[in-house]
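A.B. asks: fold the following, please.
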Amino acid sequence: MTEGYEEEHVSTPETDEAPAPEVLDAEVPVEEQAPEAFAEDIAPIPSNRPIQTVGRRKKAVVRVRLVPGSGKFVLNGKPMDEYMPNRVHQNIAREPLELVERTEDFDVYANLRGGGPSGQAGALRMALARALVAYQPEDRPTLKKAGMLTRDPRAKERKKYSLKKARKSPQYSKR
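C.D. replies: I've put the predicted structure just below:
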């Protein structure tokens with residue numbers, strides 16, 4: 001069916017004189033051939049500016065400002081002992097600073113919304129860990145290994161129809 005047709009070659013000045021694509025040398029590592037713009041390291045955040053991060057857990061959302069200071073915690077305008085009287089929650093919130101041994105280096109100003117005390121403590125812990133990584137990226141492996149940079153996906157399970165709660169079934173009567 002295509003016997004009578006011959007392949008045509010279209011010759012135009014644009015296609016005949018196109019420059020050859022640039023080929024990378026296999027002997028030289030790719031890092032050395034990369035443009036200079038990619039070679040720059042990420043600049044650390046200046047120490048005089050506050051670091052702002054967000055942490056979440058369950059329904060709680062916490063916004064943290066980490067400022068170089070003496071180690072005080074201000075949560076929703078109140079000291080930590082007043083806002084979080086439970087020592088367990090206080091220890092959860094302070095854990096990232098204790099892990100990287102910077103408890104007296106920063107003042108923490110946090111805005112906590114939603115959830116309960118446990119969710120807010122977990123969200124504050126995550127926000128603090130993120131702020132410490134933004135301040136000192138070398139702390140990331142330590143905090144990551146401790147699980148402080150991982151968002152806890154557990155949340156309240158939804159209620160299903162024909163059940164009293166998420167899993168509780170109505171009372172069963174045999175007769």
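
A.B. asks: and the next helix or strand past the helix or strand harbouring Val61?
C.D. replies: In the assignment (DSSP states H and E), Val61 maps to strand 60-68. Next along the chain after strand 60-68, taking DSSP H and E as the criterion, comes strand 73-75.

A.B. asks: partner strands of the helix or strand that comes right after that following strand, with direction?
C.D. replies: Downstream of strand 73-75, the first helix or strand assigned by DSSP H and E is strand 78-79. Next to strand 78-79 in the sheet, as set by DSSP bridges, lie strand 73-75 (antiparallel).

A.B. asks: so what touches the strand it pairs with?
C.D. replies: Strand 73-75 is contacted from outside by Pro79, Met80, Tyr83, Met84, Ala93, Arg94, Asp107, Val108, Tyr109, Ala110, Leu112, Leu124, using C-beta atoms under 8 Å, 6 or more residues apart in numbering. In short, each C-beta sits where N, CA and C put it, glycine included.

A.B. asks: a markdown table for the residues you listed, including distance to Arg151 and secondary structure?
C.D. replies: What follows is those, written out as a markdown table (distance: C-beta to C-beta, whole Å; DSSP: H, G, I helix; E, B strand; the rest coil):
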| residue | distance to Arg151 | secondary structure |
| --- | --- | --- |
| Pro79 | 28 | strand |
| Met80 | 23 | helix |
| Tyr83 | 23 | helix |
| Met84 | 21 | coil |
| Ala93 | 16 | helix |
| Arg94 | 20 | helix |
| Asp107 | 25 | strand |
| Val108 | 20 | strand |
| Tyr109 | 22 | strand |
| Ala110 | 17 | strand |
| Leu112 | 17 | strand |
| Leu124 | 14 | helix |
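
A.B. asks: closest one to Val64 out of these, please.
C.D. replies: The nearest member of the contacts of strand 73-75 to Val64, counting by C-beta to C-beta, is Ala110 at 4.8 Å.

A.B. asks: any figure for the gap between that closest one and Arg154?
C.D. replies: According to C-beta to C-beta, to the nearest Å, Ala110 and Arg154 sit 22 Å apart.
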